[in-house]
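Chemist: got a structure for you, letters missing:
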């Protein structure tokens, strides 16, 4: 069986571009919520603990009553959260503190659910 020489490069190119297309298809926000504050700054966090739509929604609920948060988008497939905030009301360190706070559980204990691996 003779395979033409151009088939292998074509297959490699198709695999590369197909991978980019699949990544683009699956990197839509898992959750996106607009809050009442006006945000002029943005911080992107890689968050250990955001794994699915449920944990994305839970993560956003942590900030539902936090002053200064304008908008949050979470990406479960990338374990990422993009937070727009008002720097006059909240700082990146305070955002991290809310994220990494101990959360009370139903059994009466509490533990840290989310951990910020990086913040840009």
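Modeler: Perfect, I can see it now. Note that the structure is predicted; figures quoted are calculated from it, not measured.
Chemist: Show me where the protein dips below the pLDDT cut-off.
Modeler: 1, 20-27 (pLDDT under 70).
Chemist: mind redoing it with 90?
Modeler: Along the chain, segments meeting pLDDT under 90 span 1-40, 64-65, 76-77, 105.
Chemist: So which residues of it form strands?
Modeler: 31-34, 41-48, 69-75, 80-85, 102-104, 110-112, 115-119 (DSSP state E).
Chemist: do you know which of the ones you listed lies nearest residue 7?
Modeler: strand 69-75 (36.0 Å; Cβ to Cβ). C-beta: built from backbone N, CA, C; applies to glycine.
Chemist: Pull up the pairing partners for the closest one, direction included.
Modeler: Paired strands of strand 69-75, with direction, are strand 31-34 (antiparallel), strand 80-85 (antiparallel) (DSSP bridges).
Chemist: Would you reformat the ones you listed as JSON lines and include distance to residue 43?
Modeler: What follows is the strands paired with strand 69-75, written out as JSON lines (distance: least, Cβ to Cβ, whole Å):
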{"stretch": "strand 31-34", "distance to residue 43": "16"}
{"stretch": "strand 80-85", "distance to residue 43": "5"}
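Chemist: To residue 46, which of those lies closest?
Modeler: With Cβ to Cβ as the measure, strand 80-85 is the member of the strands paired with strand 69-75 nearest residue 46 (5.8 Å).
Chemist: got the strands paired with strand 69-75 as a markdown table, with mean neighbour count and distance to residue 73 columns?
Modeler: Below are the strands paired with strand 69-75 laid out as a markdown table (neighbours: other Cβ atoms under 10 Å; distance: least, Cβ to Cβ, whole Å):
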| stretch | mean neighbour count | distance to residue 73 |
| --- | --- | --- |
| strand 31-34 | 16 | 5 |
| strand 80-85 | 23 | 5 |
